[in-house]
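K.L.:
pasting the sequence and the predicted model now:
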Amino acid sequence: MSTSRDEQVVREFLAPLRGVQPVQRRPAHQRSVTPRVPHVITLGAIALGAVALVAVIAVIAHRSSSPAKPHPPGRFARMGGWIALNGVHVIGIDPAHRSRTAVLTSRPGVPLAWSNDRSKLLVDVGGRAGGLYVIREDGRQVRIAPKNTGGGSFTLDGGHVIYSYAGSIFEVSASGGRPIVLAKPGQHSVNTMPGSTGEQLSPDGTTIVYNRATGIHPSDRGIWLMDADGRNRRALVSYQQVVAVTGFHSLLDIFALAWYPDSRRVLLIAAPMLHGSECAVLTVNRDGSGLRRFGPPGFCPMRAAAEAGGSHFAFTGVRRSQLLITDLNGRTIRFVKEPLRFGGQFLAWAPRTKR
């Protein structure tokens, strides 16, 4: 099949021939006895044109039968190590060179996760046409889940997305379609993920972190783990354990912020459900041991994201319009000014290298 460029070449070649008038025979009594050289020249030109046209068509056919050239890199290709932030548009910022920014999608929404090959970005979009959208680097946007979902993580190969909705946890194709249920609500329990967050699936692709509630009181809630296929569900941290470590006694909302890049630990947050100053970031081993504080007392970010395959966390909500980047122990810190008027509160950190 010819390309639009090939068709343009043919049209440009034929353009001069459109002005050649066909030879018309006059009645015999009006015929001239002048030499017929001009007609011969015209016919010769048409013949040459036909030969050339055949050559052009042959070139087009050769191009069509030749292997197609690979497409140029997508618009996400250069964004290794960039952080996506919410705002009027979802934008990307290079934390190493904060003057480097780009609009990732014109849709207003919350970035949740990047695929490991950095070809897709998962965004939670509000409004009438809201829901979970997969934004592809070629500009296509696919709605894969309805509004009011929680969480959002790509599987290792980027082919599926894990999220929660109405008390259940689902997995759905990144191209859309019918989701499968990984965890259903029980008679006295629901399984959820916090809204506007990502990184529920561990970086090694084996384990999902989620919230499980067995009643309406916050103390009935705990943080649980299950295998990526929904099996082997087990408790990670209970509400009572968090209270014991923090000393907080107000009603707390506890949920996972992010996995560590090595998949061995989880970063948690315990924050007041009502206005107050009590807030703590915690870390725990994936077997439930080693629950302890992360960062200084009173450290109370909005959201967090781990540097994929790296050695840092990024936090929002600590200082207005600035990202806070720490090492994995929370000891060394630096601030990066966001290129947003009011500051993004939700973020997703793209892998530096494709995995």
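P.N.:
Cool, got the structure. Residues are numbered from 1 along each chain as shown.

K.L.:
bridged to the spatially most central residue of the chain, which residues?
P.N.:
The chain has Leu121 as the residue nearest its centroid, 0.5 Å off, counting by CA atoms, centre = their mean. Note on Leu121: beta-bridge partners Trp114, Ile135, judged by DSSP bridges.

K.L.:
before we move on, what about Phe313?
P.N.:
Ala306, Thr326.

K.L.:
pLDDT wise, what is it at?
P.N.:
Per-residue pLDDT puts Phe313 at 97.

K.L.:
please apply the same query to Arg128.
P.N.:
85.

K.L.:
same deal with the one 4 residues further on?
P.N.:
Turning to Leu132, the model gives it a pLDDT of 97.

K.L.:
now the one 3 residues further on
P.N.:
What the model reports for Ile135 is a pLDDT of 95.

K.L.:
my guess is it contacts Asp124, does it?
P.N.:
No. Taking CB atoms under 8 Å as the definition, Ile135 is not a contact partner of Asp124, at 11.3 Å. (C-beta placed from N, C-alpha, C; glycine too.)

K.L.:
so the residue nearest to the centre of the chain sits right up against Leu132, yeah?
P.N.:
No. Between Leu121 and Leu132 there is no contact under CB under 8 Å: 11.3 Å.

K.L.:
anything in contact with each of those two?
P.N.:
Counting by CB atoms under 8 Å, 6 or more residues apart in numbering, Leu121 and Leu132 have no shared contacts at all.

K.L.:
before we move on, the earlier item: could I get the contacting residues of the residue nearest to the centre of the chain?
P.N.:
Phe76, Ala84, Val90, Leu104, Thr105, Pro111, Ala113, Trp114, Ser115, Val134, Ile135, Ala348.

K.L.:
over to Leu201?
P.N.:
Residues near Leu201 by CB under 8 Å, 6+ apart: Ser153, Phe154, Thr155, Ile162, Thr207, Ile208, Ala228, Trp259.

K.L.:
low-confidence ranges in the chain?
P.N.:
Scanning the chain for pLDDT under 70 picks out 1-73, 274-277, 342.

K.L.:
what's in contact with stretch 268-286?
P.N.:
By CB under 8 Å, 6+ apart, the residues outside stretch 268-286 that reach it are 202, 207, 218, 223, 225, 236-237, 242, 245-246, 248, 250-257, 260, 263-267, 290-295, 298-301, 304, 330.

K.L.:
what about those residues, which are in helices?
P.N.:
Members of the contacts of stretch 268-286 lying in helices (criterion: DSSP state H): Val242, Val245, Thr246.

K.L.:
next one: the first one from Ile325, what distance?
P.N.:
Taking CB to CB, to the nearest Å as the measure, Val242 falls 25 Å from Ile325.

K.L.:
same check, this time on the last one
P.N.:
If you measure Thr246 against Ile325 using CB to CB, the figure is 24 Å.

K.L.:
same deal with Arg143?
P.N.:
32 Å.

K.L.:
pull out the buried positions in stretch 290-297.
P.N.:
Using 16 or more other CB atoms under 10 Å as the test for burial, stretch 290-297 gives Leu291, Phe294, Gly295.

K.L.:
got the phi and psi for the first one?
P.N.:
The main-chain torsion angles of Leu291 are listed as degrees, to the nearest 10 and equal phi -70, psi 120.

K.L.:
find the residue closest to it in space, skipping its chain neighbours.
P.N.:
Val284 (4.5 Å; CB to CB, 6 or more residues apart in numbering).

K.L.:
dihedrals phi and psi, the residue nearest to Ala308 when sequence neighbours are not counted?
P.N.:
Closest residue to Ala308 apart from its sequence neighbours, by CB to CB, 6+ apart: Pro351 at 3.9 Å. Backbone torsions of Pro351, given as degrees, to the nearest 10, read phi -60, psi 140.

K.L.:
Pro351 - how many residues pack around it?
P.N.:
Burial of Pro351 is recorded as 20 neighbouring residues (other CB atoms under 10 Å).

K.L.:
likewise for Arg264?
P.N.:
Quick note: Arg264 (other CB under 10 Å) scores 14 neighbours.

K.L.:
check Thr332 too.
P.N.:
Thr332: 10 neighbours (other CB under 10 Å).

K.L.:
mind starting the numbering at 304 from now?
P.N.:
Noted, 304 is the first residue going forward, which turns the last one into Thr635.

K.L.:
got phi/psi on Arg403?
P.N.:
When read as degrees, to the nearest 10, the backbone of Arg403 gives phi -90, psi 110.

K.L.:
that one touches Asp397, doesn't it?
P.N.:
Yes. Under the criterion of CB under 8 Å, Arg403 makes contact with Asp397 at 4.0 Å.

K.L.:
looking at these two, which one has more neighbours?
P.N.:
Asp397 (18 against 14).

K.L.:
quick one: residues contacting the more buried one.
P.N.:
Met382, Gly384, Trp385, Arg403, Thr404.

K.L.:
tell me the domain ranges of this protein?
P.N.:
Per automatic domain parsing, the structural domains of the chain span 307-326+338-368, 386-652.

K.L.:
kindly export stretch 442-459 (C-alpha atoms) in CSV.
P.N.:
The C-alpha coordinates for stretch 442-459 follow below in CSV (Å, rounded to 0.1, in the frame of the first residue of the first chain):
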residue,chain,number,x,y,z
GLY,A,442,-1.1,10.5,22.5
ARG,A,443,-3.9,7.9,22.7
GLN,A,444,-6.0,7.9,25.9
VAL,A,445,-7.9,4.8,27.0
ARG,A,446,-10.5,4.8,29.8
ILE,A,447,-10.1,1.5,31.7
ALA,A,448,-12.1,2.0,34.9
PRO,A,449,-15.0,4.2,36.2
LYS,A,450,-14.8,7.1,38.6
ASN,A,451,-14.3,6.7,42.3
THR,A,452,-11.7,4.1,42.1
GLY,A,453,-8.8,3.8,44.6
GLY,A,454,-5.1,3.2,43.9
GLY,A,455,-3.6,2.3,40.5
SER,A,456,-0.5,0.3,39.6
PHE,A,457,0.8,-1.2,36.3
THR,A,458,1.9,-4.8,36.3
LEU,A,459,5.5,-5.5,35.5
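
K.L.:
that's all I had, so thanks and see you.
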